[in-house]
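Undergrad: Sequence plus predicted model, see below.
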Amino acid sequence: MASKWNLMILALYLSLVMVLSEPSKCNPGFDLNKTTKECIDINECTELTDEEKPVVPCGENAICLNTDGSYYCQCHVGFETASGNVTFSGVGGQCKDINECFKDKDICGPNATCENTNPHYSCICRNGFNSTTGLKSFRGSENVTCNDIDECEKEDVCGPNAECFNTQGSYYCVCKIGFGLKSGRFNFSGSQEKCEDICSIDKTICGNGTCHHRGNGSHYCACHAGFTNYGNKRSRCTALNCDVFKDRNNLREKLPAAHNLMMQLEKSCLNLTESEDPKELDGEDIIKQLLSLIDELLSGGAFNDNRKVSTFLNLVENILKFAAAFIKPPGTRRSSNYSELELLVRKGADLPKGAVTLSSKQAKLDLQLETAAGDPSYYPGFTTVYLLGYANLEDSAKGFYGKMKPEANHRFELNSKVVTASVSNRNTSHLQVPINLTLYHLKKTNELNHACVFWDASEEGGSWSTRGCQVIESKPEHTVCSCNHLSSFAVLMALYDVEDTFELQLITWLGLSLSLICLFICILTFSLIQSIKSPRTTIHLHLCINLFIAFIILLAGLSRTENRVGCAVVAGLLHFFFLAAFCWMCLEGIQLFRMVVLVFNTNFKTLYMLAGGYGVPAVIVAISAIVNAKGYGTEKYCWLHLEFIWSFFAPVCVIITVNVFFFLITVWKLAEKFSSLNPDLDNLHKIKVFTITAVAQLTLLGTMWIFGCFQFNEGTIVTSYLFTVCGSFQGVMLFVMHCLFSKQVRDEYGNILSRFWAPRVKSYSNITDSHTSKANASKSSQDTGESRIWAQSKF
């Protein structure tokens, strides 16, 4: 019984073990085999639905790859997921086509275009190129390239009258010489156009001439009488007026030196317009002869005739226009003693375009080449622009202002060199686009009263006119003019003139004459009378000598402007002697200062005084002449130029300032000495008189030149009279102050007069003794003053 129970328990145990060891569930990706009770891998890629259809977990454009317990998807070549991956797992991924053309711009290489396909892509050579394999399409990974197709190797691709030129991927055709296109284009491709006889398609190609063919297929133009193409047979025939060179009678009368050149040019001109095979001309040689002629004409001085100026400018312009046609591009630049030329040349069948600038020392020209070329129907195959400046033509052209009238008390003056500007354009009387001309001033000035003028030969034989010109900009150095025509130009300046009335002339001559007499008496007085000699009278002597010489030069040479060198010398001498007069006045102020302030060594050594009185002005004048020699001498007077006047006024202002400084200190010291306990009243009173006289003298000369500063402004008639009176009577005033107001000098004058006019009687000796005693007393009085101070320095 017990054994039965043991067997039952064992059977139950085994059953329990078998139940517990049997799997109840497999991991994801595996399935339980009901027979073997094992977990086996599920092949998701071949799984069937209930309808026996396969499940496609990867979607289109991808393959499914099973793994142990799972699977993954891989996109076909040329596809990828939205995230850019080629593999993915799980339902929901999708493979889309890759746009290789977008991702890699150079995938097909040069000269090919990329076209995207689904899947992959294809490369196709551009028009005008072939692949190296000969296939129409290829891929970049196949090492295929696109090479240019030489279309010109094909026979008769451009036709018989054109030449073919291959380019990368294309070609073009150019008509041979003597042929052209009806469209007017210069090249073509394809069969839409063809080259035809140029004489038949363009009836105006020769202008006023007949078009002919040469044996080599090119054409040439046979010009009609009176027309020329300047030796270039393929250019248009344009009119050439040889009459401008024929008026030799008028030329022989006005400018005989130009006669031979004009005869030569007339023959050359007629040869161009009448001969079927004209001789080739040398433009450079013609210009060389012209500049030589200009030097010869201008070196003779001013023309003094406005008709000669008109003839001269007309001659120059005609010759330059004629010669410019024979100058090779890009042009030429030449200069001579009296002229400077820049000439620009453009040649070709097409009208030139764009802005150009020509420049010289005198001016700068800015214009458009379209303006220079002019009407295309008269285009001769070349375009020329020239700018010619003259060294001294303004001397001949000044004074001819036609209908232009200056305001009251004003006068006109040319403030630039005369320049001629012209072009090959036949019509320059009214330009559609104005030209800009910058003219550099002869005199730098801040005045704004400048005007742009041109020489109008049709007005009263020739005169300056502002018609068609206006000022764009005016600065001290230059004026910019805008003109709607071309001619010869200059800048005109209106200057205020000091009124030169009869009353002022009379006052000047009368005052200077009296001043010269008085200064001469002063010179004799200070040099011959021994009893009054002192350092102070030595200063007065040299002051009077300088003013005396300056006044003589003023009377004799102020208006002698016909000789520029002589006029400059006169101006330099006046500059020197007037500065020297101020220097000697400054020395007097310093001498008075030394007499009051210094107790010992109050005497100036004569050598030091001469160095200060003549050396300082000599250095100033020398420096001024070196810096600006042209500043000496004006057109009306032999004096300093207005812009150069500070070479005189600046030193004068410094000298006056120094003098005033010493005078103030002198007066201050005098006041102190007068208020001292034991003043030497005799000496102090004399120094006081000396100081008052010196201050009055400085005031007189300084006031004169203060009035002189205002002589160059408008409405200064009052200051003109004050300046004239103060200047003309300086000598008289100095004589009154230094001679007549001095008791010692008056006594000496009385002594001298008594020797000649007193009756020769017995009492003569008594009178002489009396005068002698007065003189000694006066001299003794002098010794108690100034001389005592000088004597103190010896002890």
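TA: Here it is on my side, so go on.
Undergrad: Now Leu547: phi and psi?
TA: phi -70, psi -40 (degrees, to the nearest 10).
Undergrad: From Asn659, how far off is the nearest residue to it once chain neighbours are set aside?
TA: Leaving aside its sequence neighbours, Leu547 sits nearest to Ala581 (CB to CB, 6 or more residues apart in numbering; 5.3 Å). For the C-beta atoms, the positions are set from N, CA and C on the backbone; glycine is no exception. For Ala581, the distance to Asn659 equals 12 Å [CB to CB, to the nearest Å].
Undergrad: same check, this time on Leu388
TA: On the measure of CB to CB, Leu388 and Asn659 end up 54 Å apart.
Undergrad: what do you get for Asn61?
TA: For Asn61, the distance to Asn659 - CB to CB - is 111 Å.
Undergrad: between those two, who's got more neighbours?
TA: Higher neighbour count among Asn61 and Asn659: Asn659, with 24 against 18, using other CB atoms under 10 Å.
Undergrad: Quickly find the element holding the more buried one.
TA: Applying DSSP states H and E as the criterion places Asn659 in helix 646-674.
Undergrad: same for that helix, what does it pack against?
TA: Contacts defined by 3 or more CB pairs under 8 Å, 6 or more residues apart in numbering; DSSP states H and E place helix 646-674 against helix 564-597, helix 616-627, helix 681-709.
Undergrad: tell me, which of these is the model least confident about?
TA: Looking at these, the lowest mean pLDDT belongs to helix 681-709 (a mean of 55).
Undergrad: For Ser189, give me phi and psi.
TA: Per degrees, to the nearest 10, the backbone of Ser189 is at phi -150, psi 150.
Undergrad: Over to the one 10 residues further on?
TA: Note on Cys199: backbone dihedrals following degrees, to the nearest 10 are phi -70, psi -30.
Undergrad: mind listing what it touches?
TA: By CB atoms under 8 Å, 6 or more residues apart in numbering, the contact set of Cys199 is 178, 205, 211-213, 219.
Undergrad: okay if I get the residues you listed as CSV plus pLDDT and neighbour count?
TA: Putting those into CSV (pLDDT from 0 to 100; neighbours: other CB atoms under 10 Å) gives the following:
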residue, pLDDT, neighbour count
Gly178, 77, 20
Ile205, 80, 19
Cys211, 85, 20
His212, 82, 14
His213, 76, 13
His219, 78, 20
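Undergrad: ok, now how distant is Gly300 from Tyr338?
TA: Using CB to CB, Gly300 is found at 10 Å from Tyr338.
Undergrad: out of the two, which sits in the more crowded spot?
TA: Tyr338 (18 against 10).
Undergrad: Can you read off the pLDDT for Thr173?
TA: Just to correct that, residue 173 is Cys rather than Thr. Cys173 is given a pLDDT of 92.
Undergrad: And for it, the neighbour number?
TA: 23.
Undergrad: What helix or strand is it located in?
TA: strand 170-175.
Undergrad: Quick one: residues in contact with that strand.
TA: With CB under 8 Å, 6+ apart as the criterion, strand 170-175 contacts 127-128, 150-152, 157-159, 161-165, 181, 186-189, 195, 198.
Undergrad: Name the residues linked to Ala451 by a beta bridge.
TA: Leu492 (DSSP bridges).
Undergrad: For Glu643, see how far away it is.
TA: 20 Å.
Undergrad: same check, this time on Asp366
TA: Counting by CB to CB - Asp366 and Glu643 are separated by 28 Å.
Undergrad: one step back: list the contacts for the residue nearest to Leu547?
TA: 543, 546-547, 550, 701.
Undergrad: mind putting the residues you listed in a markdown table, neighbour count and distance to Leu12 included?
TA: Formatted as a markdown table, the contacts of Ala581 follow (neighbours: other CB atoms under 10 Å; distance: CB to CB, whole Å):
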| residue | neighbour count | distance to Leu12 |
| --- | --- | --- |
| Leu543 | 27 | 162 |
| Asn546 | 23 | 161 |
| Leu547 | 25 | 163 |
| Ala550 | 21 | 161 |
| Leu701 | 24 | 157 |
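Undergrad: Looking at those residues, spot the one nearest Thr311.
TA: Ala550 (45.7 Å; CB to CB).
Undergrad: What about the nearest residue to that closest one once chain neighbours are set aside, how many residues nearby?
TA: Leaving out its chain neighbours, the residue that sits closest to Ala550 by CB to CB, 6+ apart is Phe577, at 3.9 Å. By the criterion of other CB under 10 Å, Phe577 has 22 neighbours.
Undergrad: Wait, Phe577 touches Cys544, no?
TA: No. Between Phe577 and Cys544 there is no contact under CB atoms under 8 Å: 11.5 Å.
Undergrad: Show me whatever sits in contact with both of the two.
TA: Joint contacts of Phe577 and Cys544 (CB under 8 Å, 6+ apart) do not exist.
Undergrad: where does the stretch 401-550 of the chain have low pLDDT?
TA: Filtered on pLDDT under 70, the stretch 401-550 of the chain yields the residue ranges 407-410, 446-448, 494-508.
Undergrad: Sketch out the strands for it, chain order is fine.
TA: Per DSSP state E, counting those that start in this stretch, the stretch 401-550 of the chain carries strands over the ranges 410-414, 419-423, 435-440, 450-456, 463-465, 469-474, 478-483, 488-496.
Undergrad: Distance to Phe326 and mean neighbour count added to these, as CSV?
TA: Output for the strands of the stretch 401-550 of the chain, formatted as CSV (distance: least, CB to CB, whole Å; neighbours: other CB atoms under 10 Å):
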stretch, distance to Phe326, mean neighbour count
strand 410-414, 33, 18
strand 419-423, 16, 23
strand 435-440, 24, 22
strand 450-456, 27, 23
strand 463-465, 33, 22
strand 469-474, 31, 16
strand 478-483, 28, 21
strand 488-496, 23, 23
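Undergrad: So Ile107 versus Cys26, what's the distance?
TA: Distance check for Ile107 against Cys26: by CB to CB, it reads 49 Å.
Undergrad: And for Lys37?
TA: 10 Å.
Undergrad: neighbour-wise, which of those two wins?
TA: Cys26 (16 against 11).
Undergrad: quick one: contacts for that one?
TA: 32, 39.
Undergrad: Assign a three-state SS to it, would you?
TA: Under DSSP: H, G, I helix; E, B strand; the rest coil, the three-state class of Cys26 is coil.
Undergrad: where does it land on pLDDT?
TA: 82.
Undergrad: do Glu253 as well
TA: At Glu253, pLDDT is 69.
Undergrad: Give the burial count for the nearest residue to Val244 once chain neighbours are set aside, as a bare number.
TA: Sequence neighbours aside, Asn318 is the residue nearest to Val244 in space, at 4.5 Å (criterion: CB to CB, 6+ apart). Using other CB under 10 Å, Asn318 is surrounded by 17 other residues.
Undergrad: Equivalent analysis for Asn232, please.
TA: Neighbour number of Asn232 under other CB under 10 Å is 16.
Undergrad: Am I right that it sits in a helix?
TA: No. The assignment for Asn232, made by three-state DSSP, is coil rather than a helix.
Undergrad: just checking, it touches Gly348?
TA: No. Look at Asn232 against Gly348 with CB under 8 Å: they stay out of range, at 10.9 Å.
Undergrad: what touches both of those two?
TA: Gly381.
Undergrad: Show me where the stretch 51-200 of the chain has its strands.
TA: 62-67, 70-75, 79-80, 87-88, 96-97, 112-116, 121-125, 129-131, 137-138, 146-148, 162-167, 170-175, 179-180, 196-197.
Undergrad: Please enumerate residues in contact with the last one?
TA: Looking back up the chat, that one is strand 196-197. Against strand 196-197 from outside (CB under 8 Å, 6+ apart): 161, 178-182, 213.
Undergrad: and which of the residues you listed is nearest Asp31?
TA: Nearest to Asp31 among those, counting by CB to CB, is Leu181 at 85.3 Å.
Undergrad: Do I have it right that that closest one meets Glu193?
TA: Yes. Assessed by CB under 8 Å, Leu181 is found in contact with Glu193 at 5.4 Å.
Undergrad: Of the contacts of strand 196-197, grab the buried ones for ChimeraX.
TA: Selection of buried members from the contacts of strand 196-197 for ChimeraX, criterion 16 or more other CB atoms under 10 Å:
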select :161,178,179,180,181
